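Novice: Can you look at this prediction? I've put the sequence above it.
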Amino acid sequence: MNLEMAPYVRLWCAVILQAVADIDIQMKDRYIRLKKSKASRKSMPYKLMTLMTNEATEWIESTSTKKYSFQWICDVCDLDARKIREMSRTREGRKMLLQSAPRSAAIKGLNSKIGRAHV
């Protein structure tokens with residue numbers, strides 16, 4: 001079975017991209033809120049937003065190889081976890097990952113063999 005065409009690969013790529021999107025959206029929101037007012041740091045939406053960003057970031061940055069971990073998904077789908085981690089840390093990197101629309105097309109951008117050629 002061709003891994004690039006397997007439905008589970010598209011599903012796991014969508015999971016990774018959702019985590020990247022969560023980080024990107026929350027970082028933008030956090031920046032806007034901080035710019036507006038320092039008082040907003042104490043608000044419940046700000047705290048929840050920070051928690052969500054931290055969960056997505058922690059999941060991607062984790063080196064755990066347990067089932068359903070970021071590293072496990074990358075290993076199963078033959079994706080370059082190091083490259084995706086690096087890209088998720090910067091606004092420009094997240095933008096590049098998220099521009100792979102539709103999401104199933106992201107396989108080409110995340111695939112370790114293709115992705116390494118562009119590094």
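Specialist: In hand now; what should we look at?

Novice: Low-confidence stretches in the chain?
Specialist: Applying pLDDT under 70 to the chain flags the ranges 1-5, 29-53, 100-119.

Novice: Looking at it, which helix is longest?
Specialist: helix 7-36 (DSSP state H).

Novice: now Asp22: how far from Asp78?
Specialist: 24 Å (Cβ to Cβ, to the nearest Å). No exception for glycine: its C-beta is placed from N, CA and C like everyone else's.

Novice: Comparing the two, which shows the higher neighbour count?
Specialist: Shown here are Asp22 and Asp78; by other Cβ atoms under 10 Å, Asp22 has more neighbours (18 against 14).

Novice: Contact partners for the nearest residue to the more buried one once chain neighbours are set aside?
Specialist: Excluding its sequence neighbours, the residue lying closest to Asp22 (Cβ to Cβ, 6 or more residues apart in numbering) is Ala56, at 4.2 Å. Counting by Cβ atoms under 8 Å, 6 or more residues apart in numbering, Ala56 touches 19-20, 22-23, 26.

Novice: Go again with 6 Å.
Specialist: 19, 22-23 (Cβ atoms under 6 Å, 6 or more residues apart in numbering).

Novice: Reformat these as a markdown table; add distance to Arg94.
Specialist: A markdown table is the format used below for the contacts of Ala56 (distance: Cβ to Cβ, whole Å):
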| residue | distance to Arg94 |
| --- | --- |
| Ala19 | 10 |
| Asp22 | 10 |
| Ile23 | 6 |
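
Novice: now, which of these sits nearest Tyr68?
Specialist: Proximity to Tyr68 was ranked across these by Cβ to Cβ; first place goes to Ala19, at 12.0 Å.
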